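S.K.: make a model of this:
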Amino acid sequence: MNNKKFLFAMGLFIFFALILILASAKPTFAACICGDGYCNTSCENSSNCPGDCGGGGGGGSSCVCGDRYCNTSCETSSNCPGDCPPQCTNECSYPGQKRCTGTYTYQTCGNYDSDPCLEWSSTQSCPSNTCIGTTWRAYYCSCSGSCTSACIYTDTSCSTRCYSCGDGTCNSSCGENSSNCPQDCGYPTLNVSCSASPNPAQVNQTVNFSANASGGTGAYSYNWSGACISSSSSTCNNSFSSAGTYTATINVTSGSQTKSANCSVTINPIPCTCSSWSAWRDRGCGQGSCPQNQMLQERIRTCTPASCNTERETRCVDSSSCQPSCTNECSYSGQTEQECSGNYVQKRTCGNYDSDPCLEWSSWSNLQDCGQSGWTNDYQCVSSRYLQRKWMNRGCSNASCFATSEWRESQDCGQDSWTENYRCSGNWIQREKIKKGCSNNSCYNHSQWENHQDCAVSGKICQNAQCVSSCQDECSSPGVKRCVGEDGYQTCGNYDSDPCLEWSSTQSCGTDACIGTFWRDYYCTGFGSCNHSDTSCSTRCYSCGDGTCNS
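M.R.: Okay, here's the model as predicted:
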């Protein structure tokens, strides 16, 4: 009997010993023991227990950058600064800050090593007669002669010789100007001029137009019109087939500035070149200044180009054939008449063109082409919105050419309009506007951003072109769950008006659910599924109190 009691006692001892061994092998969810290898997120975190919660849940085994835990086995401040912030402290306030270290020495604030923090540079010697600093009367001055200290803050004689480009003030008394500091003093005004060479030139001779630009805010772009087109460089070449005065217009753009300049060139006819004199020929008795009994003789020589007149010489000679037997059609040899034929001026000349001694008219021949009416390449703005173009009327009237011009064809350059494009600029939401109108004799169309909404008014910041609250995520990604007690859990998501993630209110796990840190560390949702891809959750969990000993 005693042996049976002994065996029964030993059995109970072994049974409870096994339970204690299993319990000590993996602590239950409710256990909060720093150093047991498991991160109980209800009471432990990377601050109060970095050994268990070095990165992610589950004993620091997770290596997910962005989960708010620094797993030191695989994450550092370099590859995951969000989880593992740099373990250093700034020695100074901002890059470029300077401080005196001696009478003639100073240091500059910056990042000179592998960590992300600021530190002071090595000691530098102050150069002679120079000013080092960023704001007026906050200079570190280095001077010789009457100065008793080389590196100081309040040397007024030295600070007046200093300026800081970019401080928003144009310190002209210190030598700051639009050339060495356009940010503070404004960009130089764009100046444009152009010239033509040679000027004057001859018909069909190449004329070189050249534009000169200075000032402005950057690179120059060129656009020629008028007597010189189809060129986007500072020079343009052209030749002209007829005499006259021609004007070329150059439009130069530099940054936001656009200027125009006109230059004219005079084209002269080609000088006349004449052939040898022809043989004398009879032009009729009593013609011209000759008496009736004398023959008028004429010789000619032709001259080129066509714009040159034919040269003539006449003389009176005795001739037995000067007996009038006909009637003159015109008054004297060389007399001319002109008339219009369409867009041409026609001409005929009085002379002796047959065998009798009398004068007659020659056939009509074209003298001048008056040209066709049409558009020119001249434009003008009639308001800040409308553009006009010049129309040239050409033709023949009263035996001569005429040319008149008028402005026609008003073009609507359009009005300013908003786009649906938005962006952040600091705490401002900006909206893109398309600026349209007429300027410098042409339509323009360009984009500019204008302030639309100040997020700071409502205590928010601008992010992705929207005003949002400034906040931090409480959890890593939507849908992630965590246990709360033995029969509750929370789900990661966005449950309020700010854009950040937070934990939901605690939810009950439901009937027959196993949640926590039991065997194999699975937890079930109570709806037939299990995290960690466990397809047979029910066989791996147990529920104390369900009447079954799930050994």
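S.K.: can you tell me the SS state at Tyr422?
M.R.: strand (DSSP: H, G, I helix; E, B strand; the rest coil).
S.K.: ok, now which ones touch it?
M.R.: Shown here is Tyr422, whose contacts under the criterion Cβ atoms under 8 Å, 6 or more residues apart in numbering are Ile429, Gln430, Arg431, Glu432, His452, Ala465. Bear in mind the C-beta positions are built from the backbone N, C-alpha and C, glycine included.
S.K.: next, format the residues you listed as JSON lines and append distance to Ala211 and pLDDT.
M.R.: Formatted as JSON lines, the contacts of Tyr422 follow (distance: Cβ to Cβ, whole Å; pLDDT from 0 to 100):
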{"residue": "Ile429", "distance to Ala211": "41", "pLDDT": "91"}
{"residue": "Gln430", "distance to Ala211": "36", "pLDDT": "92"}
{"residue": "Arg431", "distance to Ala211": "37", "pLDDT": "93"}
{"residue": "Glu432", "distance to Ala211": "32", "pLDDT": "92"}
{"residue": "His452", "distance to Ala211": "39", "pLDDT": "90"}
{"residue": "Ala465", "distance to Ala211": "41", "pLDDT": "87"}
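S.K.: for PyMOL, write a command that selects the buried ones of these.
M.R.: With 16 or more other Cβ atoms under 10 Å as the criterion, this PyMOL line picks the buried residues out of the contacts of Tyr422:
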select buried, resi 429+430+431+432+452
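S.K.: out of the contacts of Tyr422, who's nearest Asn212?
M.R.: Ranked by distance to Asn212 (Cβ to Cβ), these are led by Glu432 at 35.1 Å.
S.K.: can you pull the contacts of the closest one?
M.R.: With Cβ under 8 Å, 6+ apart, Glu432 has these contacts: Trp418, Thr419, Asn421, Tyr422, Arg423, Ser447, Gln448, Trp449.
S.K.: re earlier: in strands only, show me the contacts of Tyr422.
M.R.: With DSSP state E as the criterion, strands contain Ile429, Gln430, Arg431, Glu432, His452 from among the contacts of Tyr422.
S.K.: gap between the second one and Gln466?
M.R.: Separation of Gln430 from Gln466 (Cβ to Cβ, to the nearest Å): 12 Å.
S.K.: still on that earlier bit, tell me the one among the contacts of Glu432 nearest to Gly255.
M.R.: Using Cβ to Cβ, the contacts of Glu432 come closest to Gly255 at Gln448, 12.9 Å.
S.K.: in this protein, which spans are helices?
M.R.: Ranges of helices within the chain are 2-25, 156-159, 182-185, based on DSSP state H.
S.K.: where among the ones you listed is average confidence lowest?
M.R.: Among the helices of the chain, helix 156-159 carries the lowest mean pLDDT, a mean of 43.
S.K.: still on that earlier bit, between the contacts of Tyr422, which is nearest Ser384?
M.R.: Glu432 (21.0 Å).
S.K.: okay, now Cys181: neighbour count?
M.R.: 20 (other Cβ atoms under 10 Å).
S.K.: run the chain-centre distance for stretch 385-402.
M.R.: 42 Å (Cα atoms, centre = their mean, to the nearest Å).
S.K.: can you check stretch 457-469 too?
M.R.: The chain centre lies 26 Å from the centre of stretch 457-469; the measure is Cα atoms, centre = their mean.
S.K.: again, but for stretch 462-474
M.R.: 28 Å.
S.K.: what is the burial count for the nearest residue to Gln388 once chain neighbours are set aside?
M.R.: Leaving aside its chain neighbours, Gln388 sits nearest to Trp407 (4.4 Å; criterion: Cβ to Cβ, 6 or more residues apart in numbering). Trp407 is flanked by 13 other residues according to other Cβ under 10 Å.
S.K.: isn't Gln453 right up against Cys467?
M.R.: Yes. Counting by Cβ atoms under 8 Å, Gln453 sits close enough to Cys467 to count as a contact (6.6 Å).
S.K.: identify the contacts common to the two.
M.R.: Counting by Cβ under 8 Å, 6+ apart, the common neighbours of Gln453 and Cys467 are Ile429.
S.K.: can you give me the neighbour number for the residue nearest to Leu118 when sequence neighbours are not counted?
M.R.: Counting by Cβ to Cβ, 6+ apart, Leu118 lies nearest to Asn90, which is 4.4 Å off, once chain neighbours are set aside. For Asn90, the count of nearby residues is 12 (other Cβ under 10 Å).
S.K.: right, and Asn90 touches Trp120 too?
M.R.: No. Using Cβ under 8 Å as the test, Asn90 is too far from Trp120 to be in contact (10.4 Å).
S.K.: what about stretch 335-354, start to end distance?
M.R.: 17 Å (Cα to Cα, to the nearest Å).
S.K.: quick one: average confidence on that stretch?
M.R.: Average pLDDT, stretch 335-354: 92.
S.K.: likewise for stretch 484-496?
M.R.: Average pLDDT, stretch 484-496: 78.
S.K.: could you export that stretch as PDB, CA atoms only?
M.R.: Extracted in PDB, the C-alpha atoms of stretch 484-496 (Å, rounded to 0.1, in the frame of the first residue of the first chain):
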ATOM      1  CA  VAL A 484      -3.800  42.600 -26.000                       C
ATOM      2  CA  GLY A 485      -4.200  40.300 -23.000                       C
ATOM      3  CA  GLU A 486      -5.200  36.600 -23.500                       C
ATOM      4  CA  ASP A 487      -8.300  37.100 -25.500                       C
ATOM      5  CA  GLY A 488      -8.000  40.500 -27.300                       C
ATOM      6  CA  TYR A 489      -6.100  42.000 -30.200                       C
ATOM      7  CA  GLN A 490      -5.600  45.300 -32.000                       C
ATOM      8  CA  THR A 491      -5.300  46.000 -35.800                       C
ATOM      9  CA  CYS A 492      -3.000  48.600 -37.400                       C
ATOM     10  CA  GLY A 493      -4.800  51.200 -39.600                       C
ATOM     11  CA  ASN A 494      -5.900  54.900 -40.000                       C
ATOM     12  CA  TYR A 495      -8.800  55.600 -37.700                       C
ATOM     13  CA  ASP A 496      -8.700  59.400 -37.300                       C
END
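S.K.: before we move on, back to that, who does the residue nearest to Gln388 bridge with?
M.R.: According to DSSP bridges, the residues that bridge with Trp407 are Lys390.
S.K.: quick check: it vs Val382, distance?
M.R.: According to Cβ to Cβ, Trp407 stands 8 Å off from Val382.
S.K.: overlap in contacts, these two.
M.R.: Here Trp407 and Val382 have Gln388 as joint contacts, going by Cβ under 8 Å, 6+ apart.
S.K.: coming back round to it: separate out the buried members of the contacts of Glu432.
M.R.: Tyr422.
S.K.: output the contacts of Glu432 as JSON lines; include the columns distance to Ser214 and pLDDT.
M.R.: Supplementary listing: these in JSON lines, determined by distance: Cβ to Cβ, whole Å; pLDDT from 0 to 100:
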{"residue": "Trp418", "distance to Ser214": "36", "pLDDT": "91"}
{"residue": "Thr419", "distance to Ser214": "35", "pLDDT": "90"}
{"residue": "Asn421", "distance to Ser214": "35", "pLDDT": "91"}
{"residue": "Tyr422", "distance to Ser214": "38", "pLDDT": "92"}
{"residue": "Arg423", "distance to Ser214": "34", "pLDDT": "92"}
{"residue": "Ser447", "distance to Ser214": "27", "pLDDT": "91"}
{"residue": "Gln448", "distance to Ser214": "26", "pLDDT": "92"}
{"residue": "Trp449", "distance to Ser214": "29", "pLDDT": "92"}
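S.K.: perfect, that will be all.
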